[in-house]
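# Kindly return the folded structure for what I paste below:
(one chain, ligands or ions: 2)
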Amino acid sequence: DPTARDTLLESLNPQQQAAVLHGEGPLLVIAGAGSGKTSTLAHRVARLVADGADPRRLLLLTFSRRAAAEMGRRVERLLARLPGPQRASLSWSGTFHGIGARLLREQAECIGLAPGFTILDREDAADLMGLVRHEQGLSGRDSRFPLKATCLAVYSRAVNAEAELETVLDLAFPWVRMWEAELRRLFAGYVEAKQRQQVLDYDDLLLYWAQMMLEPEIAAEIGGRFDHVLVDEYQDTNRLQASILTGLKPDGRGVTVVGDDAQAIYSFRAATNRNILDFPGLYRPPARILTLERNYRSTGPILAASNAVIALAPERYAKDLWSDRLSGERPQLVTVRDEADQARCVAERILAHREAGLALKEQAVLFRTSHHSGMLEVELVRRNIPFVKFGGLKFLDSAHVKDLLALLRWIENPRDRVAGFRVLQILPGIGPAIAGRLLDRVAEGFDPELALAAAPPPARAEALWPDFVALVGRLHRRAAGWPAEMADARSWYDPLLAERHADAAARAADLVQLEQIAAGYASRERFLTELTLDPPGATSDEAGVPLLDEDYLILSTIHSAKGQEWTAVHVLNVVDGCMPSDLATGRADEIEEERRLLYVAMTRARDHLALMLPHRFYTHQQAPTGDRYVHAARTRFLPPALLPLFEEVSWPPPARPTVVATDSTRRAVDIAARLRAIWR
Ligand code: ATP
Ligand code: MG
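Ligands and ions are numbered 1, 2, ... in the order given. Model prediction:
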């Protein structure tokens, strides 16, 4: 029914409609924040399905799994408006890494990968790098050789940028430049270790995928499965991701990418703005370029301030965004004394918004770096304000949760040494040397239970040994089935928790939660893969655990807030040193990325935006005076010329005398002063 299908277009402006109705050729939608790029993509998918496209033949690549799920729901909602049974379960929607893992698992045999490969998260990958570094004698006590995490960062950057090691060192890690030869040897060892152990790190998911697409037959088969490939947030893809896309669709047919070059904030993961700028020229005839200029998200004053911030960038982001959402309220610049006051002030403002009818879910607090929210988190707990935090240390990073996951991973792939080391060393009396020997044994044999049972149990582990070996056997044979084996593993591990941790009860509760999360996955392998790729927070709805039906505030790093929006947004620490971060080297391109970061933060807000400016800032380096506070200045991205676009307020508001001073109150004031003086 053509007229019914057209109702899908009704709410869209002409530029958006053009993007939805665009035919087969490559298409780039490049447009500013809140202009409807993501919603246009959802409409395009819905329209394709309504026009008869098979939803299983659409590949949708998003920035996070959360974004993919949200896109799926949107498409469903749009299709539900049409008559007749219109259903679209997008079976191929997810992140590049997630889709890569799936394709590699499926194609493993063709490309010489073990089908049972396991995936290392960043921390495990760094551990493996550390093991190899140690084996190669690069971690001697007085060596100033870079830390394992730094080594991994260098390696990862080179892989994702498809760049030479020298170039990466020169551009991004000049201070470890002198170790080039050692690093090269280390990386070779690291690659070899991963292959021997049949593990892939995050970068391998892209690297193997890109390599696989160089095989003409495989590339044609995989590319041929999809009539359309649609990518959101294209400005934050890296070289590898771009080559995967060309591998899938060399002629660009059916390729749609959307993004905003002014929001590129992932260069530390080797993302490059060049991808989006070069996209049109990849094809003959070149891709069609559409822009969207109307912002539907933010009020006029918020948009004006955000536009002004990005307009000061030396790079020209040629986009004029306008909004007809009128409002008298300018974004606020809130000056507070220090971070403690910032936490109190933000908490109070959030409660005030809630009093005014704005649910916590409609509000977010954003920050540059995960630990910036520490003080606020304490304040929120104290005031009983529930919150969920995105980005930063997660539930799954805690030691006990990782222990249990490592056990499952090691059973899944007994050659995975990082997992094996972790598991064996749970047992008392087993250190790296014994663990190493046991792992060699297990890697040689086919049955880990037999291999372990034949090993003499180390003296201190003797009592626990038979139970452990039996558990390994049950898990290996999948005796209990999934997810029951999760409970089996947990009941083995629970008693050991008490010996290892003082807060065993809380940790045991986490493991119960892990068990519940596990129940949401169809198999052990799915559970491990998806959890490693996109770890949920402790109270996430992503893993199929129903969220507590309560209202909660979102705390998020700016990086993790990409593509999202809230009615009220607070941004913490909008001061030099945080934004731009003092970890930025001061090189112009890094500073510019920090400016875009502020732009991304500001453009998340619909109706209310507050930028917090603490006057004093706690630092790690002690000043010569012994002071750990430094004076903080408003970020350089808000020069005086921009101030009229904001309303400047300070908190606490200037005190108004509320009591008439009498002799007795005057005495009370004196006592208060004396009490304070004790602590001076
Ligand atoms: P970002 O750059 O932050 O990812 P975006 O360009 O992807 O932003 P969307 O998130 O798709 O923008 O849209 C921003 C808001 O505008 C959403 O609330 C969306 O529902 C709304 N919106 C988009 N297009 C329209 C439209 N034609 N009419 C009404 N609202 C719209
Ligand atoms: Mg978007």
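# so where's the chain uncertain?
Across the chain, the ranges flagged by pLDDT under 70 are 1-2, 140-143, 318-319, 391-397, 534-549, 583-585, 618-629, 654-680.
# which parts of it sit against ligand 1?
The chain comes close to ligand 1 at residues 11-13, 16, 31, 33-39, 260, 263, 296-297, 563, 565, 603, as judged by C-beta under 6 Å from any ligand atom. All C-beta spots, glycine's among them, are computed from the backbone N, C-alpha and C.
# again, only this time at 5 Å
The chain comes close to ligand 1 at residues Ser11, Leu12, Ala33, Gly34, Ser35, Gly36, Lys37, Thr38, Ser39, Tyr296, Arg297, Gly563, as judged by C-beta under 5 Å from any ligand atom.
# ok, the last one - how many residues close by?
Neighbouring residues of Gly563 were enumerated by other C-beta atoms under 10 Å; the total is 21.
# try the second one
Here the number of neighbours of Leu12 (other C-beta under 10 Å) works out to 18.
# quick one, phi/psi of it?
The phi/psi pair for Leu12 (degrees, to the nearest 10) reads phi -90, psi 150.
# There's contact between it and Thr40 in this structure, I believe.
Yes: counting by C-beta atoms under 8 Å, Leu12 touches Thr40, with 7.1 Å between them.
# list the residues that contact both of those two?
Contact criterion C-beta atoms under 8 Å, 6 or more residues apart in numbering; residues shared by Leu12 and Thr40: Val20.
# Going along the chain, name the helices of the stretch 151-300 of the chain.
For the stretch 151-300 of the chain, helices defined by DSSP state H, counting those that start in this stretch occupy the ranges 165-172, 180-197, 202-212, 216-223, 239-248, 274-278, 300-311.
# I meant to write the stretch 351-500 of the chain there.
Ranges of helices in the stretch 351-500 of the chain, per DSSP H, counting those that start in this stretch, are 374-382, 399-412, 417-424, 432-444, 448-453, 465-476, 484-500.
# To His353, which of the helices of the stretch 151-300 of the chain lies closest?
Counting by C-beta to C-beta, His353 lies closest to helix 300-311 out of the helices of the stretch 151-300 of the chain; the figure is 15.2 Å.
# list the helices and strands the next helix or strand after the closest one packs on?
Downstream of helix 300-311, the next assigned helix or strand under DSSP states H and E is strand 332-336. Of the remaining helices and strands, those touching strand 332-336 by 3 or more C-beta pairs under 8 Å, 6 or more residues apart in numbering; DSSP states H and E are helix 339-355, strand 605-614, strand 647-650.
# Now do the longest one: distance to the chain's middle.
The offset between the C-alpha centroid of helix 339-355 and the centroid of the whole chain comes to 26 Å, using C-alpha atoms, centre = their mean, to the nearest Å.
# now swap in the second one and tell me
Strand 605-614 has its average C-alpha position 22 Å from the chain's average C-alpha position, going by C-alpha atoms, centre = their mean.
# contacts for that strand?
Strand 605-614 has contacts (C-beta under 8 Å, 6+ apart) with 297-299, 302, 305, 327, 329, 331-339, 341-342, 345-346, 349, 353, 565-575, 602, 632, 634, 638, 646.
# Just the closest residue of the chain to ligand 2, please.
Using C-beta to the ion, Thr38 is the residue of the chain that sits closest to ligand 2, at 3.2 Å.
# Please convert the helices and strands packed on strand 332-336 to a markdown table, extending it with distance to Ser64 and mean neighbour count.
Below are those laid out as a markdown table (distance: least, C-beta to C-beta, whole Å; neighbours: other C-beta atoms under 10 Å):
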| stretch | distance to Ser64 | mean neighbour count |
| --- | --- | --- |
| helix 339-355 | 24 | 19 |
| strand 605-614 | 20 | 24 |
| strand 647-650 | 33 | 14 |
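# about what we covered before: deepest of the helices of the stretch 351-500 of the chain, which one?
For the helices of the stretch 351-500 of the chain, the stretch with the most neighbours on average is helix 417-424, a mean of 25; neighbours defined as mean count of other C-beta atoms under 10 Å.
# and the angle from it to helix 180-197?
70 degrees (axes from the mean of the first three to the mean of the last three C-alpha atoms, to 10 degrees).
# Report the angle between helix 417-424 and helix 484-500.
Using the same axes, to 10 degrees: helix 417-424 against helix 484-500 is 60 degrees.
# Alpha carbons of helix 417-424, as PDB, please.
Coordinates of the C-alpha atoms in helix 417-424 are reproduced here as PDB (Å, rounded to 0.1, in the frame of the first residue of the first chain):
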ATOM      1  CA  ARG A 417      46.700 -18.900  28.900                       C
ATOM      2  CA  VAL A 418      45.600 -15.600  30.400                       C
ATOM      3  CA  ALA A 419      42.300 -17.300  31.500                       C
ATOM      4  CA  GLY A 420      44.100 -20.400  32.600                       C
ATOM      5  CA  PHE A 421      46.600 -18.500  34.700                       C
ATOM      6  CA  ARG A 422      43.800 -16.700  36.400                       C
ATOM      7  CA  VAL A 423      41.800 -19.800  37.200                       C
ATOM      8  CA  LEU A 424      44.600 -22.000  38.500                       C
END
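# so what's the nearest residue to Ala305 once chain neighbours are set aside up against?
Nearest residue to Ala305 in three dimensions, chain neighbours excluded: Leu645, at 4.4 Å (C-beta to C-beta, 6 or more residues apart in numbering). Contact analysis of Leu645 by C-beta under 8 Å, 6+ apart lists Pro301, Ala304, Ala305, Ala308, Arg330, Pro331.
# Number of residues surrounding the second one?
Meaning Ala304. Counted by other C-beta under 10 Å, the residues lying close to Ala304 total 18.
# so the residue of the chain closest to ligand 2 touches Met71, yeah?
Yes: counting by C-beta under 8 Å, Met71 is a contact partner of Thr38 at 7.3 Å.
# Export the helices of the stretch 351-500 of the chain as a markdown table, with columns for distance to Ala161.
Listed next are those as a markdown table, based on distance: least, C-beta to C-beta, whole Å:
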| stretch | distance to Ala161 |
| --- | --- |
| helix 374-382 | 33 |
| helix 399-412 | 29 |
| helix 417-424 | 25 |
| helix 432-444 | 33 |
| helix 448-453 | 39 |
| helix 465-476 | 40 |
| helix 484-500 | 39 |
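# Let me know the secondary structure of the closest residue to Ile310 other than its chain neighbours.
Residue nearest to Ile310 in three dimensions, not counting chain neighbours: Tyr599, with 4.5 Å by C-beta to C-beta, 6+ apart. Judged by DSSP: H, G, I helix; E, B strand; the rest coil, the three-state class of Tyr599 is helix.
# got the buried residues for stretch 555-571?
For stretch 555-571, the neighbour count (16 or more other C-beta atoms under 10 Å) marks 555-566, 568-571 as buried.
# That stretch close to ligand 2?
Yes: counting by C-beta under 5 Å from the ion, ligand 2 has neighbours in stretch 555-571: Gly563.
# Using PDB, write out every CA atom in that stretch.
C-alpha atoms of stretch 555-571 as PDB (Å, rounded to 0.1, in the frame of the first residue of the first chain):
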ATOM      1  CA  LEU A 555      26.200   9.200  34.700                       C
ATOM      2  CA  SER A 556      28.400   8.900  31.600                       C
ATOM      3  CA  THR A 557      31.700   9.700  30.100                       C
ATOM      4  CA  ILE A 558      31.200  12.000  27.100                       C
ATOM      5  CA  HIS A 559      32.600   9.400  24.900                       C
ATOM      6  CA  SER A 560      29.900   6.900  25.900                       C
ATOM      7  CA  ALA A 561      27.200   9.500  25.600                       C
ATOM      8  CA  LYS A 562      27.500   9.700  21.900                       C
ATOM      9  CA  GLY A 563      24.300   9.800  19.900                       C
ATOM     10  CA  GLN A 564      22.100  10.100  23.000                       C
ATOM     11  CA  GLU A 565      20.000  12.900  24.400                       C
ATOM     12  CA  TRP A 566      18.500  14.000  27.700                       C
ATOM     13  CA  THR A 567      16.200  16.800  28.700                       C
ATOM     14  CA  ALA A 568      18.600  18.100  31.300                       C
ATOM     15  CA  VAL A 569      22.400  17.700  31.100                       C
ATOM     16  CA  HIS A 570      25.100  18.700  33.500                       C
ATOM     17  CA  VAL A 571      28.700  18.700  32.400                       C
END
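# If anything else comes up later, I'll come back, but that's it for now.
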